[in-house]
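Student: output the structure for:
(one chain, ligands or ions: 1)
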Amino acid sequence: RLLTIGVCLGALGFATAPAFANDGYDLWLAPASSPATDIRVVGQSQTLDRAAGELRRDLAAAPLPVVLGKSDDPAIAALRLPTRALGEEGYLVRAAMLDGRKTLIVTGKTDRAVLYGAFALIRAQKTGADLAAIDLQSAPKIGLRVLNHWDNLDGSVERGYAGQSLWDWWTLPDFKDPRYTDYARANAALGINGIVLNNVNAKPESLTAPYIAKAKALAEVFRPWGIKVYLSARFSAPIEVGHLKSADPLDPDVQAWWKAKSDEIYREIPDFGGFLVKANSEGQPGPRDYHRSHAEGANMLAAAVAPHNGIVMWRAFVYAETDPEDRAKQAYTEFKPLDGKFADNVLVQVKNGAIDFQPREPFHPLFGAMPKTPMMLELQITKEYLGFATHLAYLGTMFEEVLEADTRAKGKGSTVAKVVDGSLYRHKLSGIAGVANVGRDRDWSGSTFNQANWYAFGRLAWDPTLSADRIAREWAQQTFGNDPRVVDTAVKMMLASREAVVDYTGPLGLAHLMGTGHHYGPGPWISDLARPEWNPVYYHKADRNGIGFDRTKTGSNAVAQYAPAVAKMLADPRTTPESELLWFHHLPWDWKMKSGRTLWQEMVARYDRGVSTVAQMQAEWQEVKSLVDAERWQKTASYLQIQHNEAKWWRDASLAYWMSVNGLPLPAGAAAPE
Ligand code: GCW
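Tutor: The predicted model follows:
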């Protein structure tokens, strides 16, 4: 009987939630229900075929025929389209008369560029563009657009919250899971052109023949999609795999080993991208073990891959337990003097902030500080410090914040984006890396909204000047369809979400307050870890009189690592952005904030605001229940409930601790702890 009633209600046109299941597998590549058919390729390549295949699957019936081909194909060259400025990877999509018919031309210099054009056309249609009037032209601003997988050879993923590794090392290289292809498609749609397969905490085995064969199999799947594979290299592999006595980068035997190893890899994978290295960081081996510099270590590897046009991405994420210097200063201290010492095919890869992917960090002082060295930005897409898979935190706004940050290194407008895209110091090499958030979960990223973070990374890697707002909107349109009620709601939730996490985990520049090891949930009270710089108390320095890390002259003087204009601004708490206040200053609890509240009152208000923003997101999501398919709606609703509970946990536990330190009561009007 219930069924009959349901059917009747449906027939009467009552809005009920779309009942079909949608597990999110399609990402931004949902197939069109009646796809376009008049799609033709000129020229011949696997990549062009893939591009046409995408259009035949995802492009909805088009008002005009579509022709794809490289700009030097005679049929396209004859049209004299303005393709000169597109470079190797830029595309042009516009209508032209071809064989007497108005035709949509998708073109670019290389077949990769054409592929990107095809995806751009699909995206334009899904976000509401009129195909008859379409005119798209875009070239990537950053050369290397790379995902870093922290995937281990045992199938686990370090800081991964979306299931086991995508790579099934057991069945590779013989079985190429179709998922690898879908993964490549999703990445190519964004313009991602490199994948580091294994964790930066690398195992030496990943450089042995069996694993090279597995990497080769993946490279073969990815190649037609314009994606190269890279490997994380363990610095001591010459000892562990090569049975040498040393891994000293100045030892000729060690150099010869890396050279032979690189040659071996390139024999199997002729377009292998190169190596990513985490050296002398968190227990990893590196050149410092032999009293050599990071440049000497990087250059040895660079020499090994240079004959094959390979590159080395050398991470600057270094800090040592034995070093009494403020952890936020150590990477700069170590790397800045090496500017100009790295080989031409080395990029130094720097995290967005100087500590470690916290919900908010000021931009890393190394950006702009090494003019002679191409600098890659490393972002974390997986949410190690922002609530793992469950909390909704759209990172587009966070990525945008760091890209827009002005280093002032060459005067006003020296943004991190311009350092990273190579334009500030005119570098040929440029790159950006994102620590992937994918795994074997059906929805790839652990939640629907987490997919948006992968998407946002890819779009910003292509064009770091895109706005987080626009990216959120186009993602929502491709994910949920074009109903403005759903799109507007999703975008609104997304744009508020990251600040909410900052508010309920550590407002006003507080950071590194989480539980030990797993990094989930609050732990500002933790003070007994053997490594002092792993203790939250090291970062907040709260006592009866005040809170915050003094990084001015009276403290660690980390502010002096920034360009003078920035350093000056940060030296004074009154000119420091309040969002970064306690990162740079130790202030009394009754410090007067711009709002007129005391610092303590402001902190409490922010914690409360974080919790109420999550409640607001829940209410907003409730309103689109009938407009989103049941499966994704329900999972998101349940996750928001988890987030709400845990936002309260963060707030209440943190405030209880701060009150135990400062002896102050909760200000009037603060929400009662639960
Ligand atoms: O903060 C740490 C993470 C580690 C990670 C490290 C890094 C891969 O907690 O899991 O190791 O950053 O970036 O090297």
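Student: hey, let's count contacts and neighbours off CA atoms from now on
Tutor: Will do.
Student: around the ligand, pick out the residues from the chain.
Tutor: 158-159, 200-201, 356 (Cα under 6 Å from any ligand atom).
Student: neighbour-wise, which of the residues you listed leads?
Tutor: residue 200 (24 neighbours; other Cα atoms under 10 Å).
Student: how about that residue, secondary structure?
Tutor: Secondary structure state of residue 200, per DSSP: H, G, I helix; E, B strand; the rest coil, is coil.
Student: please report phi then psi for it.
Tutor: phi -60, psi -30 (degrees, to the nearest 10).
Student: same question, residue 299
Tutor: Torsion angles, degrees, to the nearest 10, at residue 299: phi -70, psi -30.
Student: without its sequence neighbours, what residue ends up closest to it?
Tutor: With sequence-adjacent residues excluded and distances taken as Cα to Cα, 6 or more residues apart in numbering, residue 299 is closest to residue 343, at 5.5 Å.
Student: then residue 380?
Tutor: residue 435 (4.6 Å).
Student: just residue 446 next, same as before
Tutor: residue 162 (4.3 Å).
Student: so for that neighbour, what's the pLDDT?
Tutor: Residue 162 is assigned 98 on the pLDDT scale.
Student: how near is it to residue 230?
Tutor: Distance, residue 162 to residue 230, using Cα to Cα, to the nearest Å: 22 Å.
Student: and the residue of the stretch 251-400 of the chain nearest the ligand?
Tutor: residue 356 (5.3 Å; Cα to the nearest ligand atom).
Student: that residue and residue 362: what is the separation?
Tutor: Distance of residue 356 to residue 362, given as Cα to Cα: 11 Å.
Student: surely residue 641 is in contact with residue 617?
Tutor: No: using Cα atoms under 8 Å, residue 641 is not in contact with residue 617, being 10.0 Å away.
Student: the two: who's more crowded?
Tutor: Of the pair residue 641 and residue 617, residue 617 is the one with more neighbours under other Cα under 10 Å, namely 22 against 18.
Student: what about the residue nearest to the more buried one when sequence neighbours are not counted, helix or strand, and which?
Tutor: Leaving aside its chain neighbours, residue 617 sits nearest to residue 493 (5.6 Å; criterion: Cα to Cα, 6+ apart). Using DSSP states H and E, residue 493 sits within helix 484-505.
Student: for that helix, the distance to its chain's centre please.
Tutor: 18 Å (Cα atoms, centre = their mean, to the nearest Å).
Student: export it as CSV, just CAs?
Tutor: What follows is helix 484-505, C-alpha atoms only, in CSV (Å, rounded to 0.1, in the frame of the first residue of the first chain):
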residue,chain,number,x,y,z
PRO,A,484,20.3,26.8,-9.3
ARG,A,485,18.7,25.9,-5.9
VAL,A,486,21.1,23.0,-5.5
VAL,A,487,24.1,24.8,-7.0
ASP,A,488,23.6,28.0,-4.9
THR,A,489,23.2,26.0,-1.8
ALA,A,490,26.2,23.8,-2.4
VAL,A,491,28.4,26.8,-3.2
LYS,A,492,27.3,28.7,-0.2
MET,A,493,28.1,25.7,2.1
MET,A,494,31.4,25.2,0.4
LEU,A,495,32.5,28.8,0.7
ALA,A,496,31.8,29.0,4.4
SER,A,497,33.2,25.6,5.2
ARG,A,498,36.9,26.0,5.5
GLU,A,499,36.7,29.0,7.8
ALA,A,500,34.3,27.1,10.0
VAL,A,501,37.0,24.4,10.4
VAL,A,502,39.5,27.1,11.3
ASP,A,503,37.1,28.5,13.8
TYR,A,504,36.3,25.4,15.7
THR,A,505,39.8,23.8,15.6
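Student: before we move on, back to that, between residue 162 and residue 230, which is the more surrounded one?
Tutor: residue 230 (26 against 23).
Student: would you say the more buried one is within a helix?
Tutor: No: counting by three-state DSSP, residue 230 is not found in a helix; it is strand.
Student: who does the residue lying closest to it once chain neighbours are set aside bridge with?
Tutor: Spatial nearest neighbour of residue 230, excluding adjacent residues (Cα to Cα, 6+ apart): residue 196 at 4.4 Å. Beta-bridge pairing for residue 196 (DSSP bridges): residue 148, residue 230.
Student: for residue 196, give its distance to the ligand.
Tutor: 13 Å (Cα to the nearest ligand atom, to the nearest Å).
Student: got the contact list for that residue?
Tutor: 146-149, 229-232, 276 (Cα atoms under 8 Å, 6 or more residues apart in numbering).
Student: cutoff 7 Å now
Tutor: The contact partners of residue 196, taken as Cα atoms under 7 Å, 6 or more residues apart in numbering, are 147-149, 229-232.
Student: let's have the residues you listed in TSV, adding pLDDT.
Tutor: As requested, the contacts of residue 196 are exported to TSV (pLDDT from 0 to 100):
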residue	pLDDT
147	99
148	99
149	99
229	98
230	99
231	98
232	98
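Student: angle of the helix ranked longest in the chain against helix 484-505?
Tutor: Taking DSSP state H as the criterion, the chain has its longest helix at helix 630-662. If you take axes from the mean of the first three to the mean of the last three Cα atoms, to 10 degrees, helix 630-662 sits at 20 degrees to helix 484-505.
Student: before we move on, the earlier item: so the residue nearest to residue 446 touches residue 436, yeah?
Tutor: No: the pair residue 162 / residue 436 is not scored as a contact, 10.2 Å apart, by Cα atoms under 7 Å.
Student: which residues touch the spatially closest residue to residue 580 that is not a sequence neighbour?
Tutor: Nearest residue to residue 580, sequence neighbours excluded (Cα to Cα, 6+ apart): residue 509, at 3.9 Å. Under the criterion of Cα under 7 Å, 6+ apart, the neighbours of residue 509 are 360, 579-583.
Student: shaky segments in the protein?
Tutor: 1-20 (pLDDT under 70).
Student: just give me the neighbour total for the residue lying closest to residue 336 once chain neighbours are set aside.
Tutor: Of all residues not flanking residue 336 in the chain, residue 370 sits nearest, at 6.2 Å (Cα to Cα, 6+ apart). Residue 370: 21 surrounding residues under other Cα under 10 Å.
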